[in-house]
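Colleague: I need the structure of the sequence given here:
(chains A and B)
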Amino acid sequence: MSNRTFTVMVFAIAIAIIMASRFIPNEYFFQAAYTVLQFVVLATAWNILGGYTGYVNFGTAAFFAVGAYSTVFLYNAFQAPLVVMILAGTLVAGLLGLGVGYLTLRLRGVYFAIATLALAVVLYTFVINWDYVGGARGAYLLQPREVPFGFARYTHLLYSAMVLMTAAALAVARAIETSTLGRGLAAIRDDELAAESAGVPTLRLKLFSATVSGALMGMAGTTFPYYLSYIEPSSAFSLSYAVNSIAMPLIGGMMSWLGPLIGAILLGSIQQLVQVTVSSAWNLLIVGVMLVLFVTLAPNGIMGWVDAWRKRKDR
Amino acid sequence: MSDLLLEVSGVTKRFGGFTALEDVDLVVRPGERIGLIGPNGSGKSTLVNCICGALHNEAGSIRFMGEDIGRQPTHRRIRLGLARSFQIPKPFASMSVLDNLRVPLLYAARRHEKIAKSQITDEAMHILQQVGLGDKAQAMSRGLTQVDMRKLELARAMAAKPRLLISDEAMAGLSPAEVDDILALLQGLKQQGVAVIMIEHVMRAVMKFSERVAVLVAGRKIAEGDPQAIAGNPDVVKAYLGE
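Modeller: Now for the predicted structure:
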């Protein structure tokens, strides 16, 4: 299937889902689905740099929060419309991603991962001390009273925006994966020196990958302040974003766009289920247990396991 | 100037206080077959790394097809028509053997040769058959034997469609029959006008293959000339066997 066909299809499915959701009477569905989809976007975005290119980013929370806080800034400064907030947050997070891309010049493997974690800490400290966006006490964002496009509630609009963002993230990830670019990124992941010696412009490709990955992570955060109507640094910079966006592709499979999607839906849904039935305190524990299970039983994730099973069947 | 393909002059490379290469000159004409020999640690691989851009030399210049490439990143040199194989094979482990060749075909060969995207697979298969990996095209590269990995290394360098191919010990550990296969392959490149620098410890292969041999000892080029003269050169014999 060509990427254009795929993009059209994935957006058609997204719009169909948005339409169908109007008939769902349960308010909780929108809350839960928003969170799960947000993780689909984060996991897909993380996988572009982490899975395709082989650079493990521990700073998902930093990008997510940059998206979220650019919304807070635009809200305070201009009461900007939602579309502008989404686009601006994506852009700013993309620029941050570009900066992180330059780190790959000197840092590889675990050192790169630590640097991205440090980036999150630095930005967290910065936001805590920035009074205009609420500082440590946080900021309130009132959801607009008039909801456009005939949605019953503003949350439904946010949910629909998240469905579309998910479609966009998946389309971008698949386009990268199946292109010449994706093959170049895979070469970098396997051996950077060999990639460069095969004519792959490694730095340019790494910068591209880090920028796109960062931009998509930031995009996922742009609607977050409205979703809760309140934002404060420790929730926007929560470590659980980093942990989840790494665990989900690992569990789903890092070699294809389907992996993060499956992993995020699986892990995200279980977390939602447990949050309602038991307690949200269990969430990280679940991630940990699932990770241990998968790393030992299916080290290439669900997709890797499916591939191996298919190959066995062919034989 | 333009009749020289590669022109290395006065190249010096230091690692801290250690001088790995000192004032090394080397020229390669189009289609020429050069042997580069020397004891372990004499700087052969360092010279290759300087030519290809993995290392930057402190002094001297490197010109390729008349262009000074000394400041250019590796991928740009490869796109101009340089290619190398690695001494320790570096396959793209997550890819099939065929996909390994697709990378240089897509990123390097298409820069200076007209290859349609639809021809990439055929071209890759053609090269694999030449090196004798045709029946392993779909196998994962990480599962290959050491010998096959060396062949893949060479095939991947060939897939960049170079004007100058630098083969860094492609034959170490191969059986005599396999050495002959690889030799025939590298000699075949001459018909396509491809120059080859062969770094090798398998003396029989170097002597048979090379039109000209250069000898590096402790970072200096101590001799250069036709294979027979080099084999009889007292300095070279001394460097290899001691006094």
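Colleague: against B:Leu5, how distant is the residue of chain B found nearest chain A?
Modeller: Proximity of chain B to chain A (C-beta to the nearest C-beta) peaks at B:Ala108, 2.9 Å away. For the C-beta atoms, the positions are set from N, CA and C on the backbone; glycine is no exception. Here the criterion is C-beta to C-beta, to the nearest Å. By it, B:Ala108 lies 17 Å from B:Leu5.
Colleague: higher neighbour count, the two?
Modeller: Neighbours per residue (other C-beta atoms under 10 Å in any protein chain shown) separate B:Ala108 from B:Leu5, with B:Ala108 holding more: 28 against 22.
Colleague: tell me the secondary structure for the closest residue in space to the more buried one that isn't next to it in sequence?
Modeller: Closest residue in space to B:Ala108, ignoring its immediate chain neighbours: A:Gly199 at 2.9 Å, by C-beta to C-beta, 6 or more residues apart in numbering or on different chains. Assigned state for A:Gly199: coil (three-state reduction, DSSP: H, G, I helix; E, B strand; the rest coil).
Colleague: coming back round to it: is it true that the residue of chain B closest to chain A touches B:Met158?
Modeller: No - the pair B:Ala108 / B:Met158 is not scored as a contact, 10.9 Å apart, by C-beta atoms under 8 Å.
Colleague: what is in contact with these two at once?
Modeller: B:Ala83 (C-beta atoms under 8 Å, 6 or more residues apart in numbering or on different chains).
Colleague: could you show me where the strands are in chain A, in order?
Modeller: A:139-140, A:230-231 (DSSP state E).
Colleague: and the last one, which strands flank it?
Modeller: What it means is strand A:230-231. Strand A:230-231 has its sheet partners listed here by DSSP bridges as strand A:139-140 (antiparallel).
Colleague: roughly how far does the residue of chain B closest to chain A sit from A:Leu207?
Modeller: 20 Å.
Colleague: related to what we said a few turns ago, tabulate the strands of chain A in JSON lines, adding columns for distance to B:Gln146 and mean neighbour count.
Modeller: Formatted as JSON lines, these follow (distance: least, C-beta to C-beta, whole Å; neighbours: other C-beta atoms under 10 Å in any protein chain shown):
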{"stretch": "strand A:139-140", "distance to B:Gln146": "61", "mean neighbour count": "16"}
{"stretch": "strand A:230-231", "distance to B:Gln146": "56", "mean neighbour count": "20"}
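Colleague: longest helix anywhere in chain B?
Modeller: Longest helix of chain B, by residue count under DSSP state H: helix B:176-191.
Colleague: looking at stretch A:191-200 now, give me its mean pLDDT.
Modeller: Average pLDDT, stretch A:191-200: 93.
Colleague: so how far is that stretch from its chain's centroid?
Modeller: Stretch A:191-200 sits 28 Å away from the centroid of its parent chain (C-alpha atoms, centre = their mean, to the nearest Å).
Colleague: same deal with stretch A:223-242?
Modeller: Per C-alpha atoms, centre = their mean, the centroid offset for stretch A:223-242 relative to its chain is 13 Å.
Colleague: kindly check the end-to-end length of that stretch for me.
Modeller: 18 Å (C-alpha to C-alpha, to the nearest Å).
Colleague: around chain A, which positions in chain B sit nearby?
Modeller: B:52-54, B:73-76, B:78-79, B:83-84, B:86, B:90-95, B:99, B:102-104, B:106-109, B:111, B:156, B:159-160 (C-beta under 8 Å from any C-beta of the partner chain).
Colleague: just the ones in strands from those residues, please.
Modeller: Short answer: the residues of chain B next to chain A in strands (DSSP E) are B:Ala83, B:Arg84.
Colleague: give me the pLDDT for A:Ser2.
Modeller: At A:Ser2, pLDDT is 87.
Colleague: over to B:Glu243?
Modeller: Per the predicted model, pLDDT is 66 at B:Glu243.
Colleague: ok, now A:Val72?
Modeller: For A:Val72, the predicted pLDDT is 94.
Colleague: once you drop chain neighbours, what's closest to it?
Modeller: Closest to A:Val72 by C-beta to C-beta, 6+ apart is A:Val133, at 4.6 Å.
Colleague: how far away is that neighbour from B:Ala223?
Modeller: 71 Å.
Colleague: ok, these two, which is more surrounded?
Modeller: When neighbours are counted by other C-beta under 10 Å, A:Val133 and B:Ala223 differ, and A:Val133 comes out ahead with 22 against 17.
Colleague: that one contacts A:Thr71, correct?
Modeller: No - contact criterion C-beta under 8 Å: A:Val133 and A:Thr71 do not qualify, at 9.6 Å.
Colleague: I'd say B:Phe209 and B:Gly35 touch.
Modeller: Yes - between B:Phe209 and B:Gly35 there is a contact at 6.4 Å, judged by C-beta under 8 Å.
Colleague: common neighbours of those two, please.
Modeller: Taking C-beta under 8 Å, 6+ apart as the contact rule, B:Phe209 and B:Gly35 both touch B:Met198.
Colleague: give me the neighbour count for B:Ser45.
Modeller: Around B:Ser45 there are 22 residues (other C-beta under 10 Å).
Colleague: ok, it touching B:Gln87?
Modeller: Yes - the pair formed by B:Ser45 and B:Gln87 meets the contact definition of C-beta under 8 Å, at 6.0 Å.
Colleague: which ones are touching the residue in the stretch 151-300 of chain A positioned nearest to chain B?
Modeller: As assessed by C-beta to the nearest C-beta, chain B sits closest to A:Gly199 within the stretch 151-300 of chain A, at 2.9 Å. Counting by C-beta under 8 Å, 6+ apart, A:Gly199 touches B:His75, B:Ile78, B:Arg79, B:Val103, B:Pro104, B:Tyr107, B:Ala108, B:Ala109, B:Arg111, B:Ala160.
Colleague: check contacts around residue 96.
Modeller: The chain I'm using is chain A. Counted by C-beta under 8 Å, 6+ apart, A:Leu96 has contacts A:Ala62, A:Phe63, A:Val66, A:Gly214, A:Gly218.
Colleague: wait, chain B
Modeller: B:Ser96 makes contacts with B:Ala137, B:Gln138, B:Ala139, B:Met140, B:Ser141, as judged by C-beta under 8 Å, 6+ apart.
Colleague: again, only this time at 10 Å
Modeller: Counting by C-beta atoms under 10 Å, 6 or more residues apart in numbering or on different chains, B:Ser96 touches B:Arg102, B:Lys136, B:Ala137, B:Gln138, B:Ala139, B:Met140, B:Ser141, B:Gly143.
Colleague: so what's B:Leu80 closest to, chain neighbours aside?
Modeller: Nearest non-adjacent residue to B:Leu80 (C-beta to C-beta, 6+ apart): B:Phe64, at 5.8 Å.
Colleague: what's in contact with the longest helix of chain B?
Modeller: B:31-33, B:127, B:130-132, B:147, B:150-151, B:154-155, B:158, B:162, B:165, B:167, B:170-175, B:194-196, B:198, B:200, B:202, B:204-206, B:208-209, B:211.
Colleague: which among those end up buried?
Modeller: B:31-33, B:127, B:130-132, B:150-151, B:154-155, B:158, B:162, B:165, B:167, B:170-171, B:174, B:194-196, B:198, B:200, B:202, B:205-206, B:209 (16 or more other C-beta atoms under 10 Å in any protein chain shown).
Colleague: restricted to strands, list those.
Modeller: Among those, the members that lie in strands (by DSSP E) are B:Arg33, B:Leu165, B:Ser167, B:Ala195, B:Val196, B:Met198.
Colleague: next, count neighbours for A:Thr277.
Modeller: By the criterion of other C-beta under 10 Å, A:Thr277 has 8 neighbours.
Colleague: state the distance from it to B:Asn233.
Modeller: Taking C-beta to C-beta, one finds A:Thr277 at 84 Å from B:Asn233.
Colleague: centroid-nearest residue for the chain?
Modeller: If you meant another chain, say so; for now it's chain A. Geometric centre of chain A, nearest residue: A:Leu42, 1.0 Å, by C-alpha atoms, centre = their mean.
Colleague: oops, I was thinking of chain B
Modeller: The centre of chain B sits closest to B:Ile166, judged by C-alpha atoms, centre = their mean, with a distance of 1.2 Å.
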